[in-house]
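In: My questions concern the predicted model and sequence given below.
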Amino acid sequence: MFGINSMLLSVVLEKWYLSFFGVMLFVLANVFPSVAKGGYPSFKFRMIAHGSELLLQFLITTLLSCGIYVYSAFQMLPDSWIKWAISLGCAVLAEFVLFWNGIISVYCSSVQLGIKHRVIGLLCGFIPIANLVCLGIIIKITMSEVNFEIDKAELDKSRNSQKICKTKYPILLVHGVFFRDSAYLNYWGRVPAELAANGAEIYYGNHESAASVDESAKQLAERIKQIVAETGCEKLNIIAHSKGGLDCRKAIACYGVENMTASLTTINTPHRGCGFADYLLTKVSPNVKNKIAAAYNAALKKFGDKNPDFIAAVTDLTQENCNKLNTEVFDSPKVYYQSFGSRLNRAGNGKFPLNFSYNLVKYFDGANDGLVSENSFPWGAKYTYITTNGKRGISHGDMIDLNRENIKGFDIREFYVQILADLKKRGY
């Protein structure tokens, strides 16, 4: 506040050195990232905090400065209008720098702002009142993001010695259909880093993204044998999402890795199939179906699949094929099976494309996560159903941290930490 209005103060008080000190303070506040609160997990979050504080200063000083300059106008005009105008120009320039420094910092660093709030911020930027309301929302989101990460960092630090995710056997993360394991864009979002920070040893399935359950099961069985042979770990704890759960069940039962698997945890897996998959495969014309399959297969080849098969992958998600799998593939008594499922409470809270598929799945199968119905999730000795209070809920993608979103009432990273902590307690 002093830095922005130092020119006016120096004029009113006739002490020109105030301008110098004001400019110095203003420059320091804009150049150096936030130091008001320590414990930032990374420089990125320090920059978000810095930008949030600058925007908050901008919001407060803009409102106060308006009052100050209106009052000073009655005192200085018309006799000292030049000094008043120069002071006003300096204040406007200072606010301009303050705002853009802050907004660029949060726009370039924040994950939680998302595309929606960034676009709204740009659209409302030149609309009086609406721009200040929008700015207040941006500040709230980014400050909450920083505080959330600080709390998580402090939690991990407090239990670091416990290594609560250091299970007896390593963890194998198995992705679902139409995705691949990538070093550049992790299918599991921020989850693996959180698990590793708490002591977990993690491996990935590295199988094809679009294949039949049988073909994926063969690939995963080979991957499990490879990890066990290379590490000498004897067994693995498998956590599989979506179709990956079906693939793993068959790998364990049919392809020689029963004795190499300690546990299988399925996340939002369609154990009893997806009703809307049956509908799409039967109602969509063969010509359209083949064109969609060709487009998907071509794209998946570019991402690394050798022989992607869109139709085979989707067909194995139908209720008919899943029921057939359930009658032919049996759980091993040597393996601990458990499952988790979630519910999206309304379509608008699911990110694309789940916001479109939610109502279709609801029509055929009832309550769902945007892709899979509630009655399809349960499998094994233990089943846990998850949602949130209010309208949000938890989608199919939320369960793998697809959008890296901090959801009120549900911490996806801590969810997986507690899964591993429970496996550790059970001796796996």
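Out: It's in.
In: Can you give me the neighbour number for residue 42?
Out: If you count neighbours by other C-beta atoms under 10 Å, residue 42 ends up with 11. C-beta here means a position set from N, CA and C on the backbone, and glycine is covered the same way.
In: For residue 146, see how far away it is.
Out: Using C-beta to C-beta, to the nearest Å, residue 42 is found at 11 Å from residue 146.
In: Give me the local confidence score for the residue lying closest to residue 385 once chain neighbours are set aside.
Out: Sequence neighbours aside, residue 341 is the residue nearest to residue 385 in space, at 5.4 Å (criterion: C-beta to C-beta, 6 or more residues apart in numbering). Note for residue 341: predicted pLDDT of 97.
In: And residue 341, how far from residue 348?
Out: 21 Å.
In: Looking at the two, which is more packed in?
Out: Under the criterion of other C-beta under 10 Å, the comparison of residue 341 against residue 348 puts residue 341 first, with 29 against 10.
In: Report whether the more buried one is found in a strand, as I expect.
Out: Yes - applying DSSP: H, G, I helix; E, B strand; the rest coil, one finds residue 341 inside a strand.
In: check contacts around it.
Out: 267-268, 369, 372, 374, 376-378, 383-386 (C-beta atoms under 8 Å, 6 or more residues apart in numbering).
In: Kindly write the PyMOL command that selects the buried subset of those residues.
Out: This is the PyMOL syntax for the buried subset of the contacts of residue 341, where burial follows 16 or more other C-beta atoms under 10 Å:
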select buried, resi 267+268+369+372+374+376+377+378+386
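In: what would the contacts of residue 341 look like in JSON lines with secondary structure, pLDDT and distance to residue 118?
Out: Converted to JSON lines, the contacts of residue 341 look like this (DSSP: H, G, I helix; E, B strand; the rest coil; pLDDT from 0 to 100; distance: C-beta to C-beta, whole Å):
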{"residue": "267", "secondary structure": "strand", "pLDDT": "98", "distance to residue 118": "30"}
{"residue": "268", "secondary structure": "coil", "pLDDT": "97", "distance to residue 118": "29"}
{"residue": "369", "secondary structure": "coil", "pLDDT": "93", "distance to residue 118": "26"}
{"residue": "372", "secondary structure": "coil", "pLDDT": "94", "distance to residue 118": "31"}
{"residue": "374", "secondary structure": "helix", "pLDDT": "95", "distance to residue 118": "34"}
{"residue": "376", "secondary structure": "helix", "pLDDT": "97", "distance to residue 118": "36"}
{"residue": "377", "secondary structure": "coil", "pLDDT": "97", "distance to residue 118": "34"}
{"residue": "378", "secondary structure": "coil", "pLDDT": "97", "distance to residue 118": "39"}
{"residue": "383", "secondary structure": "strand", "pLDDT": "97", "distance to residue 118": "39"}
{"residue": "384", "secondary structure": "strand", "pLDDT": "97", "distance to residue 118": "35"}
{"residue": "385", "secondary structure": "strand", "pLDDT": "96", "distance to residue 118": "34"}
{"residue": "386", "secondary structure": "strand", "pLDDT": "95", "distance to residue 118": "29"}
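In: Can you give me the distance of the residue lying closest to residue 176 once chain neighbours are set aside to residue 366?
Out: With C-beta to C-beta, 6+ apart as the measure, residue 242 is the residue that lies nearest to residue 176, at 2.9 Å, once sequence neighbours are left out. Using C-beta to C-beta, residue 242 is found at 18 Å from residue 366.
In: Looking at the two, which is more packed in?
Out: residue 242 (26 against 12).
In: surely that one meets residue 268?
Out: Yes - contact criterion C-beta atoms under 8 Å: residue 242 and residue 268 qualify, at 5.8 Å.
In: Show me the common contact partners of those two, please.
Out: With C-beta under 8 Å, 6+ apart as the test, residue 242 and residue 268 both reach 371-372, 396.
In: per-residue confidence averaged over the host helix or strand of residue 144?
Out: Remark: residue 144 resides in helix 130-158, with elements defined by DSSP states H and E. The pLDDT scores in helix 130-158 average 94.
In: What residues of it count as buried?
Out: 134-135, 138-139, 141-143, 145-146, 149-150, 152-153, 156.
In: which helices and strands sit right next to that helix?
Out: helix 43-76, helix 81-109, helix 114-124, helix 191-197 (3 or more C-beta pairs under 8 Å, 6 or more residues apart in numbering; DSSP states H and E).
In: rerun at 7 Å
Out: In terms of contacts (3 or more C-beta pairs under 7 Å, 6 or more residues apart in numbering; DSSP states H and E), helix 130-158 is packed against helix 43-76, helix 114-124.
In: Next secondary structure after that helix?
Out: In N-to-C order, the element after helix 130-158 by DSSP H and E is strand 171-174.
In: Quick check: which helices or strands does that following strand pack against?
Out: Identification of packing neighbours for strand 171-174 by 3+ C-beta pairs under 7 Å, 6+ apart yields strand 202-204, helix 213-231, strand 236-241, helix 243-254.
In: Now render the ones you listed as a markdown table, adding distance to residue 184, mean pLDDT and mean neighbour count.
Out: Formatted as a markdown table, the helices and strands packed on strand 171-174 follow (distance: least, C-beta to C-beta, whole Å; pLDDT from 0 to 100; neighbours: other C-beta atoms under 10 Å):
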| stretch | distance to residue 184 | mean pLDDT | mean neighbour count |
| --- | --- | --- | --- |
| strand 202-204 | 13 | 98 | 19 |
| helix 213-231 | 20 | 98 | 19 |
| strand 236-241 | 19 | 98 | 27 |
| helix 243-254 | 20 | 98 | 27 |
